[in-house]
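A.B. asks: Fold the following and give me the result.
(2 chains)
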Amino acid sequence: DIQMTQSPSSLSASVGDTVTITCQASQDCRTSLSWYQQKAGKAPRLLIHDVSILESGVPPRFSGRGYGTQFFLTITDFQPDDFGSYFCQQYDDLHLTFGGGTKVDIK
Amino acid sequence: QVELVQSGPEVKKPGASVKVSCRASNYFFGDYSISWVRQTPGQELEWVGWISGLNGNTNYADQFRDRSTMTTDTSTNTAYLELRSLTSDDTAVYYCARDDNKYAPHYFGPWGQGTLVTVSS
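C.D. replies: The predicted model follows:
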């Protein structure tokens, strides 16, 4: 199975900051990479699929980039509603795997 | 809008089995598939497996293959996950999620609300 390693595991951000989360895959995932946001007590919410395609309704301050083994989620102009946990997930391999998550709180 | 409604919380003893349901609405069931994902108390997300809404084909994560069964009932647009030989390590919130692709596991749009399964003696 492809191992997904996220960094950092946690961070604090202020309103207006630019935040970047990294996801590294143990082998080539090409462009089969998605990102999810999760709030406490709620199910994850799809933000981005195929590395950089924003799901409908997701604010454009969220963006994704990368290819192969290195992927990035960037939040520009961080807003109070952006706190929560973020997970990457690969689907290049038929056995799907998630990153360990990045917890983002408000500074 | 698309909705996935899961069955209620379960408390089971070690060695028992649990069956969680996920009823889908407001989309054509056969055009998508369902994946099951669990979230451990440590907040880790683990993919359990995938079932096609089109033809019932399945794909299981290796660690769940021998003791889990996923099924669908297309007459009620409901997916089921059965997990057997439960241990305390199976204590988790189990989610169903609509998978974007009906031929192979991909990524997940709508999710169910989650079902807490607690395994305790």
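
A.B. asks: Tell me who's in contact with the residue sitting nearest the centre point of chain A.
C.D. replies: With distances taken as Cα atoms, centre = their mean, A:W35 lies nearest the centre of chain A, 3.9 Å away. Counting by Cβ atoms under 8 Å, 6 or more residues apart in numbering or on different chains, A:W35 makes contact with A:23, A:46-48, A:62, A:64, A:73, A:86-89. Every residue, glycine included, has its C-beta placed from N, CA and C.

A.B. asks: Name whatever forms a beta bridge with B:C96.
C.D. replies: Under the criterion DSSP bridges, B:C96 forms beta bridges with B:W36.

A.B. asks: okay but it is in contact with B:W111, surely?
C.D. replies: Yes - counting by Cβ atoms under 8 Å, B:C96 does reach B:W111; the two are 7.2 Å apart.

A.B. asks: Pull up the residues of chain B that are close to chain A.
C.D. replies: The interface of chain B toward chain A, taken as Cβ under 8 Å from any Cβ of the partner chain, is made up of B:35, B:37, B:43-47, B:50, B:59, B:61-62, B:95, B:97, B:100, B:104-109, B:111-114.

A.B. asks: list the contacts for A:L94?
C.D. replies: Applying Cβ under 8 Å, 6+ apart, the residues contacting A:L94 are B:59, B:104-105.

A.B. asks: Helices - which of the residues you listed land there?
C.D. replies: Among the contacts of A:L94, no residue falls in helices (DSSP state H).

A.B. asks: burial measure for residue 95, as a count.
C.D. replies: Because you didn't say which chain, this covers chain A. 17 (other Cβ atoms under 10 Å in any protein chain shown).

A.B. asks: look at chain B instead
C.D. replies: 25.

A.B. asks: Over to A:I2?
C.D. replies: 17.

A.B. asks: From A:P8, how far off is it?
C.D. replies: 21 Å (Cβ to Cβ, to the nearest Å).

A.B. asks: And the strands in chain B?
C.D. replies: B:3-6, B:10-12, B:18-25, B:33-39, B:45-52, B:58-60, B:68-73, B:78-83, B:92-99, B:108-111, B:115-119 (DSSP state E).

A.B. asks: Turn the ones you listed into CSV, including mean pLDDT.
C.D. replies: CSV is the format used below for the strands of chain B (pLDDT from 0 to 100):
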stretch, mean pLDDT
strand B:3-6, 98
strand B:10-12, 98
strand B:18-25, 98
strand B:33-39, 98
strand B:45-52, 97
strand B:58-60, 96
strand B:68-73, 97
strand B:78-83, 98
strand B:92-99, 97
strand B:108-111, 95
strand B:115-119, 98
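
A.B. asks: Fine by me, thanks again.
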